[in-house]
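>>> Just need the structure, nothing else, for what follows:
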Amino acid sequence: MLIKLFTIYVYLQSTFCGCGSEKRSSGFEKPDVKYKIERIGRLDDSVLESSGLAHAPDSAFWTHSDGDNPAQLYKVTLKGKLLQTLPLELQNTDWEELAEDPEYLYIGDFGNNMNSRRDLRIYKLNKSTYNLSGTIDFAFEDQVKFPPGENELDFDLEAFFYHQDSLYLFTKSRSKAKKLKLYVLPAAPGHYTARLKEQLAVKAMVTAADISPAGDQFAILGYGRLYLFRVQNGEIDLRGRHSCIPLSRTGQAEAILYTAPDQLLITNENGKIFRVTLSKR
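Numbering: from 1, shown residues only. Prediction:
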């Protein structure tokens, strides 16, 4: 019953919700670019519940399945054709996202639907061998109860990216008062406390994030919405100029990746692949 209700919620969010409330309450502006959203492919049927995206060799992409699925990466084309399955000797408690720097790939095993996990971790893999280089274990600095009260369910995590030796984490709020919380971690193996940097009221449940190739913009994906933030002076925060783009009919979209300065790739848990193209007005 809960799964059915959540599916209905996601459908309503992605189909009918616009950005009006965010413009009024959180300073989101009308996009200063034109945008085009199109479906361009479908993932191979063996790729279940795509939840993360990263660049792979030969103009292909890595994706992975959600928790309770095999601990492996799938190399796919832009249209979704499966090129390679890469098993990893890791645990997939709840893999939710991929991030990357020039040398390493990061797998976020930090899905936390019930807000009760005490074993949040990020696996760091060497891109040349895809062997484990280390694990980043962490806890949120402001979480003291596992789980917290029903009005404080703000510690589910499905979105992060790498920037200048740090990892930036964006939580998915399951409370009535939806909020986007930004945390920061070092990108080096070890045990850490994720530092809360900022928070901002948003309506969508956040599922993925990525930073543009030039590092001047980052995108946050939510059910039915795409949030774009300008990076000012190399600083990742939620105070820069930000806009909201409604995403109609993308469903339970869970992964996003910049494929060019003006293009983003999105996949949803049903295997559909979408492209968002941005252009100057």
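>>> quick one: which helix or strand includes Gly240?
Using DSSP states H and E, Gly240 sits in no helix or strand.
>>> do Ala209 as well
Using DSSP H and E, Ala209 falls in strand 206-211.
>>> For the top strand by length along the chain, give me every contacting residue.
Longest strand in the chain by number of residues (criterion: DSSP state E): strand 190-201. Strand 190-201 is contacted by residues 22, 25-26, 134, 136-142, 169, 177-186, 237-239 when judged by C-beta atoms under 8 Å, 6 or more residues apart in numbering. In short, each C-beta sits where N, CA and C put it, glycine included.
>>> Kindly recompute the last result at 6 Å.
By C-beta atoms under 6 Å, 6 or more residues apart in numbering, the residues outside strand 190-201 that reach it are 25-26, 137-142, 179-185, 237-238.
>>> what do you get for stretch 209-216?
159, 161, 163, 170, 218-220, 231, 256-258, 261.
>>> Helices - which of those residues land there?
Using DSSP state H, no member of the contacts of stretch 209-216 falls in helices.
>>> mind exporting the strand holding Ala209 as CSV, just the C-alpha atoms?
What follows is strand 206-211, C-alpha atoms only, in CSV (Å, rounded to 0.1, in the frame of the first residue of the first chain):
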residue,chain,number,x,y,z
VAL,A,206,15.8,15.5,-4.3
THR,A,207,17.2,12.4,-6.1
ALA,A,208,20.4,13.4,-7.9
ALA,A,209,22.9,16.2,-8.5
ASP,A,210,25.8,17.1,-10.8
ILE,A,211,28.1,20.0,-11.5
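>>> And the strands in the stretch 151-281 of the chain?
156-163, 166-172, 179-186, 190-201, 206-211, 217-222, 225-230, 242-246, 253-260, 263-268, 272-280 (DSSP state E, counting those that start in this stretch).
>>> so which of these comes closest to His64?
strand 253-260 (8.9 Å; C-beta to C-beta).
>>> Alpha carbons of that closest one, as PDB, please.
Output in PDB follows, covering the C-alpha atoms of strand 253-260 (Å, rounded to 0.1, in the frame of the first residue of the first chain):
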ATOM      1  CA  ALA A 253      13.800  10.300 -12.200                       C
ATOM      2  CA  GLU A 254      16.700   9.300 -10.100                       C
ATOM      3  CA  ALA A 255      20.000  10.200 -11.900                       C
ATOM      4  CA  ILE A 256      21.400  13.200 -13.700                       C
ATOM      5  CA  LEU A 257      24.700  13.900 -15.600                       C
ATOM      6  CA  TYR A 258      26.100  16.800 -17.500                       C
ATOM      7  CA  THR A 259      27.100  15.500 -21.000                       C
ATOM      8  CA  ALA A 260      28.000  19.000 -22.200                       C
END
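>>> count of residues packed around the residue nearest to Arg174 when sequence neighbours are not counted?
Using C-beta to C-beta, 6 or more residues apart in numbering and skipping the chain neighbours, the partner closest in space to Arg174 is Leu153 (4.0 Å). Applying other C-beta atoms under 10 Å, we find 20 other residues in the vicinity of Leu153.
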